[in-house]
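J.: Any chance you can model this:
(one chain, ligands or ions: 2)
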Amino acid sequence: MKKAVFVYSPEQLGYKFSDTHPFNHKRLTLTMDLLKNIGALDDVDIVPARIATEEELLLAHDPKYIEIVKSAGHGKLSEAQCASYGIGTEDTPIFKNMHEASAQLVGGTLTAVDYVMEGKAEHALNLGGGLHHGFRGRASGFCIYNDSTVAIRYLQDKYKARVLYVDTDAHHGDGVQWSFYDDPDVCTLSIHETGRYLFPGTGNITERGNGQGYGTSFNFPIDAFTEDDSFLDIYEQAMREVFEFFKPDVVLTQNGADAHYFDPLTHLYGTMNIYKEIPKLAHKLAHEYCDGKWIAVGGGGYDIWRVVPRAWSMLWLEMTNQEIPTGPLPQAWLERWQPEAPVPFIPTWEDPNPLYEPIPRKAEIEEKNAQMLEKALHIIRTEKRS
Ligand SMILES: [Zn+2]
Ligand SMILES: [Zn+2]
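T.: Ligands and ions are numbered 1, 2, ... in the order given. Down below sits the predicted model:
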């Protein structure tokens, strides 16, 4: 069995709103080129993403919505005609063949699922996926089809699996959470910047699930300006306790890379250190609880030059048990891409230390996050004691 496969097809780059839109899958090219430059990604590791079928998309989406996405992408609808479906908005504009490109991102995640569940690879990565804001009948926050929701339903139908979904994107994983809010066999865990000032506004600790699914939705909203230590403290305690509580068959992680200090859309103060540590613990727990079954997808990440290629490279290196390099990035990679980048690259794997001026409210933020964690885990901590 292979350690891990890297799912990718050039067609995934067709998911493109415009040249100036913050969501830019050039990130995939930059990441793959960085990995190839250090000899950490071979052509034999790469498997093509298939395109999701209509039947598969229907696992998560309304037929009418799929029709709208198709028609819009084929130039048959005006913005006004699809606005109520979240398409043709400023966030999620219409682009050519948007159905086909979106279905290719979903297909990539399904390819990853099949590799892992059929035992052809221990772990599988689809960086093109992670579109966690997609709803049943509406696009939202740059996300058209929700590949994770489709993949989790597919894992349930085809493989009868109990799934833990872990979302470390700086935004709340709302689309996936609401899809499984009533379902006791899917657990969702999202750590994100509090929705007080950030899209999508949800992800409060009080969102715990509904009916049969009550107690299988976990949210860890952290304060703006949260730094590495507090982020990782929350992440590590949440992961260990939720894994032990839910005991999943398989874990799907969403690896948005927008909690970094440089990210232009959020207000968290993470550094590369969190992108080294996040996959490390997910990997360890996947082996402890799930016989290694770990599927990982991408997500947000809007500093596509200085942050995402390094962060996502670290994810793949962890999945394949390769050492994370220290020191300078390959000169060839820097020389190839610097002319296109609007900002000077960070030329090393680590961020400079310090990366920013000290934050006066540091202790207060850490304390608030710790109190939030206690409340969010209270439901399982009390159960354990009794
Ligand atoms: Zn492993
Ligand atoms: Zn995000």
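J.: Near ligand 2, which residues of the stretch 151-300 of the chain are found?
T.: Residues of the stretch 151-300 of the chain lying near ligand 2 by CB under 5 Å from the ion: D169, A170, H171, G256, D258, G300. To be clear about C-beta, it is placed using only N, CA and C from the backbone, and glycine gets the same treatment.
J.: Could I get those in a markdown table, plus columns for distance to V343, secondary structure and neighbour count?
T.: Output for these, formatted as a markdown table (distance: CB to CB, whole Å; DSSP: H, G, I helix; E, B strand; the rest coil; neighbours: other CB atoms under 10 Å):
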| residue | distance to V343 | secondary structure | neighbour count |
| --- | --- | --- | --- |
| D169 | 22 | coil | 24 |
| A170 | 19 | coil | 28 |
| H171 | 22 | coil | 27 |
| G256 | 20 | coil | 24 |
| D258 | 16 | coil | 26 |
| G300 | 18 | coil | 26 |
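J.: Of those residues, just say which sits nearest to ligand 2.
T.: G300 (2.6 Å; CB to the ion).
J.: need the contact list for the closest one.
T.: For G300, the contact set (CB atoms under 8 Å, 6 or more residues apart in numbering) comprises F23, G130, F142, D169, A170, H171, G256, A257, D258, D263, L265.
J.: nearest residue to the fourth one other than its sequence neighbours?
T.: By that I understand D169. Closest residue to D169 apart from its sequence neighbours, by CB to CB, 6 or more residues apart in numbering: G256 at 2.6 Å.
J.: quick one: pLDDT of the spatially closest residue to D114 that is not a sequence neighbour?
T.: Nearest residue to D114 in three dimensions, chain neighbours excluded: K120, at 7.7 Å (CB to CB, 6+ apart). pLDDT recorded at K120 is 98.
J.: go on, S386?
T.: Looking at S386, its pLDDT is 59.
J.: could we number from 421 for the rest of this?
T.: Got it, first residue is 421 now, which makes that one S806.
J.: where along this protein do the strands fall?
T.: 422-427, 466-467, 541-546, 583-587, 606-613, 637-642, 670-674, 714-717 (DSSP state E).
J.: What strands line up against the shortest one, and which way round?
T.: Applying DSSP bridges to the sheet, strand 466-467 is found paired with strand 422-427 (parallel).
J.: For the strand it pairs with, buried residues please.
T.: Judged by neighbour count (16 or more other CB atoms under 10 Å), strand 422-427 contains these buried residues: A424, V425, F426, V427.
J.: Now for S733: which residues touch it?
T.: Residues in contact with S733 (CB under 8 Å, 6+ apart) are T451, L454, L455, I458, A460.
J.: from these, which two are the most distant?
T.: T451 and I458 (11.5 Å; CB to CB).
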